[in-house]
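A.B. asks: Provided below are the primary sequence and the corresponding predicted coordinates.
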Amino acid sequence: MADSTGNRVCLASMVENGSMESRRYYLARRTLIEMLRDRGYVVANMEEELRRSLTDFRAAYGDKPEPERLRLFAGRATSLASRKILVMFSEIVVIKKQNMIGILSQIMNKEMLEKVILIVQGKINSHAQKVLDEYPVKVETFHITELLVNITKHYLAPKHEILTPDEKEKLLKKYSIEGKQLPMMLENDAIARYYGLEKGQVVKVTYSGGIPDSTVTYRCVV
């Protein structure tokens with residue numbers, strides 16, 4: 001086989017050495033760092049983390065990464081909010097009540113947290129979900145496969161901008177409408193979950209490349 005320059009390349013040299021498990025953790029963790037950045041958080045050594053290659057990731061965390069070492073802890077980019085967000089990974093395939101209690105018991109200083117993101121490998125049963133629902137800090141859950149690709153980077157994905165409360169108020173006043181009269185975006189929509197949107201928030205959506213060159217619409221999270 002020849003490469004683009006005409007030189008012969010051994011196929012064996014193109015085979016990736018490493019586990020699929022480490023690759024999944026690598027891709028998911030990178031998407032999570034981008035997600036935190038897009039939500040307005042700052043992760044330590046963010047740019048360095050985003051430039052890290054899969055080879056470097058495996059060198060740092062091994063071919064079978066320990067979930068505890070992959071945790072992310074971030075604060076807001078502004079000084080307006082002092083509370084943090086914590087990202088945790090679980091390797092348990094089916095999370096039951098006792099598993100969830102054990103996972104949440106690892107969280108220290110929860111009074112400092114505004115939110116926790118839990119990445120799971122499989123299902124959370126109803127008893128474990130009830131434990132989550134009753135936890136004093138809001139916990140978002142994602143299956144690791146949902147994070148292997150950053151959906152906001154797709155070339156067909158429109159640009160999303162979250163309006164501040166003041167911007168929302170000005171928009172509604174301008175058109176003399178209520179939020180419920182805007183087109184809807186479900187709270188469990190993939191984009192809404194990526195940005196951590198909550199009911200009542202309004203998003204400006206800009207579609208590019210059409211006729212005219214761009215189209216703007218607004219959606220209210222319900």
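C.D. replies: Cool, the structure landed.
A.B. asks: from here on, contacts and neighbour counts on C-alpha atoms
C.D. replies: OK.
A.B. asks: can you pull out the helices in the protein?
C.D. replies: Listed in chain order, the helices of the chain (DSSP state H) span 20-38, 46-51, 54-61, 97-104, 126-134, 165-175, 190-195.
A.B. asks: Show me the protein divided up by domain.
C.D. replies: 15-146, 153-221 (automatic domain parsing).
A.B. asks: Mean pLDDT added to these, as JSON lines?
C.D. replies: JSON lines is the format used below for the domains of the chain (pLDDT from 0 to 100):
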{"stretch": "domain 15-146", "mean pLDDT": "94"}
{"stretch": "domain 153-221", "mean pLDDT": "92"}
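A.B. asks: Same list (the helices of the chain) but as TSV, adding distance to residue 184 and mean neighbour count.
C.D. replies: Listed next are the helices of the chain as TSV, based on distance: least, CA to CA, whole Å; neighbours: other CA atoms under 10 Å:
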stretch	distance to residue 184	mean neighbour count
helix 20-38	21	19
helix 46-51	33	12
helix 54-61	38	14
helix 97-104	33	15
helix 126-134	25	15
helix 165-175	14	13
helix 190-195	11	18
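A.B. asks: Can you add distance to residue 120 and give these back as CSV?
C.D. replies: As requested, these are exported to CSV (distance: least, CA to CA, whole Å):
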stretch, distance to residue 120
helix 20-38, 11
helix 46-51, 21
helix 54-61, 18
helix 97-104, 11
helix 126-134, 12
helix 165-175, 33
helix 190-195, 15
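A.B. asks: With residue 201 as the reference, name the closest of these.
C.D. replies: Closest to residue 201 of the helices of the chain, according to CA to CA: helix 165-175, at 7.9 Å.
A.B. asks: distance between that closest one and the chain's centre?
C.D. replies: Relative to the chain's own centre, helix 165-175 is displaced by 28 Å; criterion: CA atoms, centre = their mean, to the nearest Å.
A.B. asks: Check stretch 204-222 too.
C.D. replies: That offset, for stretch 204-222, works out to 22 Å (CA atoms, centre = their mean).
A.B. asks: Any buried residues in it, and which?
C.D. replies: By neighbour count on 16 or more other CA atoms under 10 Å, the buried set for stretch 204-222 is 204, 205, 207, 218, 219, 220, 221, 222.
A.B. asks: from those, which is closest to residue 114?
C.D. replies: So of the buried residues of stretch 204-222, ranked by how close each gets to residue 114 (CA to CA), first place is residue 221, at 19.9 Å.
A.B. asks: ok, so of the buried residues of stretch 204-222, who is nearest residue 156?
C.D. replies: After measuring the buried residues of stretch 204-222 against residue 156 - CA to CA - the closest member comes out as residue 207, at 8.6 Å.
A.B. asks: Enumerate the beta-bridge partners assigned to that closest one.
C.D. replies: residue 215 (DSSP bridges).
A.B. asks: wait, what's in contact with it?
C.D. replies: 157, 158, 159, 214, 215, 216 (CA atoms under 8 Å, 6 or more residues apart in numbering).
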